[in-house]
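K.L.:
what follows is a predicted structure for the sequence shown.
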Amino acid sequence: MKRFVALFILSAIAMSFAAKLQAADTLRTKLPRNKYLSLRYLHGPVYDHRQLSGVLDFRAGDGIGAEYLVETDGSRAWENDYGLPRLGAAVYYENFHYSVLGHALSSAMIAEFPIVKKRFFGMDLRFLAGVAYLTKKFDSESNPENLLIGSRFSAFFVFGPQLEFFANRPQRLLAGFNFVHYSNGALKMPNLGLNLMQWHIGVQGRIREEKPKFTGEPRQTIVQNKWQKYFTAAFGVRENQQPEGPKYFILSTTTGVYRTLGKRTRAGIGIDFFRDASELTRLGNFGVEHYDFSPYLLGMHLAYGFCFGRTSATLHFGGFLFNEIYDGAAIYDRVVINYNITTHIMANLGLRTYFMRAEYIEWGVGYIF
């Protein structure tokens, strides 16, 4: 019971923070918006992305989800650029139908971006991100077969397309496909990740039928220069290799430059510097003594991302340079969310991966020149 209370408190804090960010970014007027409630049924198998079918009995899971969505009104420039997306909150329950994996209860922030808008038909691209509580995790004594998740609390991500039928009516029918991912960012091992490939069907009802009435000039929430130079500093914590092992503290800095490409996207290049002692343990896989090697790594990356006013989401594709551990051949990736607190100060949240396998979560701040 205490864990469910903790999950509720964490979710409330996350939703409150997101609401404040949204409120700080809008005009000081109460504008009518379309509001929706959605209910959906989900079904799909756990995806065996690590070829563990000989060890684990993967099965199809079932779930239900409830969502509350508010349509943006066009008062901010980026809302018009993306066709008035819908933002809101969601609660999901998943039964994996396997005692080793148990059940999952998740809460998340949600964004739906319209791709096609027709009179009777529509298509959206959906993204959810939040926190999940898993009833089963790896335990060397009570649950040693769970090789996917080493902690009860996990990050929860969903994305996929959705079709809307009778899109012009207050009640709609929904159908779509989800890719679902549970991961703790290697904070606790094992962390191979729990992935599901789902289809879903549902209904959506409009609970407020007033259309947006904003007719003024859309607000540019932050000045976007074509060229933007930045510097960030971040830290992370992870376990490495074996479950219930030692934790490593990781520091990283990044400096680079972005160039905006139109109204929605940007591209850039940057240099990364890491202090990551956990990398030394990888040498054991090759039978190499690591006492002569340095925990410092230098890398260079290319970046491409999307801008949503003060918020941006960017992918980094990089490789290590002049490093004895990898001999300059290792590739790394990073998913980064930035929020511009002021014109020059930004908050930074990132997930560093190797070929999209989670390594650790980064928390940091940055300065925009």
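P.N.:
Now that the structure is in, tell me what you want to look at. Numbering: from 1, shown residues only.

K.L.:
ok, R219 to N195 distance?
P.N.:
Applying C-beta to C-beta, to the nearest Å, the value for R219 to N195 is 39 Å. In this view, the C-beta of every residue, glycine as well, is placed from N, C-alpha and C.

K.L.:
the nearest residue to L351 once chain neighbours are set aside sits in which helix or strand?
P.N.:
Leaving aside its sequence neighbours, L351 sits nearest to V335 (C-beta to C-beta, 6 or more residues apart in numbering; 4.7 Å). Per DSSP states H and E: V335 is located in strand 331-340.

K.L.:
how about W78?
P.N.:
helix 77-81.

K.L.:
tell me how far that helix lies from the chain's centre.
P.N.:
22 Å (C-alpha atoms, centre = their mean, to the nearest Å).

K.L.:
pull that helix out as PDB, backbone CA atoms only.
P.N.:
Output in PDB follows, covering the C-alpha atoms of helix 77-81 (Å, rounded to 0.1, in the frame of the first residue of the first chain):
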ATOM      1  CA  ALA A  77       2.900  29.700 -32.100                       C
ATOM      2  CA  TRP A  78       4.100  26.100 -31.800                       C
ATOM      3  CA  GLU A  79       0.500  24.900 -31.300                       C
ATOM      4  CA  ASN A  80      -0.400  26.100 -34.700                       C
ATOM      5  CA  ASP A  81       2.800  24.700 -36.200                       C
END
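
K.L.:
the stretch 51-200 of the chain: strands as residue ranges?
P.N.:
60-71, 86-95, 103-117, 121-134, 153-165, 171-183, 194-208 (DSSP state E, counting those that start in this stretch).

K.L.:
got a markdown table for these, with distance to I345 too?
P.N.:
Below are the strands of the stretch 51-200 of the chain laid out as a markdown table (distance: least, C-beta to C-beta, whole Å):
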| stretch | distance to I345 |
| --- | --- |
| strand 60-71 | 28 |
| strand 86-95 | 24 |
| strand 103-117 | 23 |
| strand 121-134 | 23 |
| strand 153-165 | 25 |
| strand 171-183 | 29 |
| strand 194-208 | 36 |
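
K.L.:
can you list the ones you listed in JSON lines and add distance to Y258 and mean pLDDT?
P.N.:
Below are the strands of the stretch 51-200 of the chain laid out as JSON lines (distance: least, C-beta to C-beta, whole Å; pLDDT from 0 to 100):
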{"stretch": "strand 60-71", "distance to Y258": "29", "mean pLDDT": "94"}
{"stretch": "strand 86-95", "distance to Y258": "24", "mean pLDDT": "96"}
{"stretch": "strand 103-117", "distance to Y258": "21", "mean pLDDT": "95"}
{"stretch": "strand 121-134", "distance to Y258": "21", "mean pLDDT": "95"}
{"stretch": "strand 153-165", "distance to Y258": "23", "mean pLDDT": "95"}
{"stretch": "strand 171-183", "distance to Y258": "27", "mean pLDDT": "94"}
{"stretch": "strand 194-208", "distance to Y258": "31", "mean pLDDT": "92"}
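
K.L.:
domain ranges for the chain, per the record?
P.N.:
As given by automatic domain parsing, the domain ranges for the chain are 33-208, 227-368.

K.L.:
so how far is the longest one from its chain's centroid?
P.N.:
Relative to its chain's centre, domain 33-208 lies at 11 Å (C-alpha atoms, centre = their mean).

K.L.:
and if you look at the last one?
P.N.:
Average the C-alpha atoms of domain 227-368, do the same for its chain, and the two points are 15 Å apart (C-alpha atoms, centre = their mean).

K.L.:
let's have the strands of the stretch 51-200 of the chain in TSV, adding distance to Y367 and mean neighbour count.
P.N.:
Formatted as TSV, the strands of the stretch 51-200 of the chain follow (distance: least, C-beta to C-beta, whole Å; neighbours: other C-beta atoms under 10 Å):
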stretch	distance to Y367	mean neighbour count
strand 60-71	33	18
strand 86-95	28	20
strand 103-117	26	19
strand 121-134	25	20
strand 153-165	27	19
strand 171-183	29	18
strand 194-208	36	17
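
K.L.:
isn't P114 up against L84?
P.N.:
Yes - between P114 and L84 there is a contact under C-beta atoms under 8 Å: 7.0 Å.

K.L.:
if I look at the spatially closest residue to F274 that is not a sequence neighbour, how far off is A186?
P.N.:
Excluding the flanking residues, the one nearest F274 by C-beta to C-beta, 6+ apart is L297, at 4.3 Å. L297 sits 16 Å away from A186, going by C-beta to C-beta.

K.L.:
cool, and V55?
P.N.:
According to C-beta to C-beta, V55 and A186 sit 20 Å apart.

K.L.:
same question for F179.
P.N.:
Distance of F179 to A186, given as C-beta to C-beta: 20 Å.

K.L.:
again with D272
P.N.:
Using C-beta to C-beta, D272 is found at 18 Å from A186.

K.L.:
which of these two has more residues huddled nearby?
P.N.:
Between D272 and A186, counted using other C-beta atoms under 10 Å, the more crowded position is A186 (26 against 23).

K.L.:
wait, that one touches E359, no?
P.N.:
Yes - judged on C-beta under 8 Å, A186 makes contact with E359 at a distance of 5.6 Å.

K.L.:
now for the two: what residues contact both?
P.N.:
The contact sets of A186 and E359 overlap at R238 (C-beta atoms under 8 Å, 6 or more residues apart in numbering).

K.L.:
pairing partners for G122 in the sheet, please.
P.N.:
Bridge pairing for G122 (DSSP bridges) gives the partners K117, E164.
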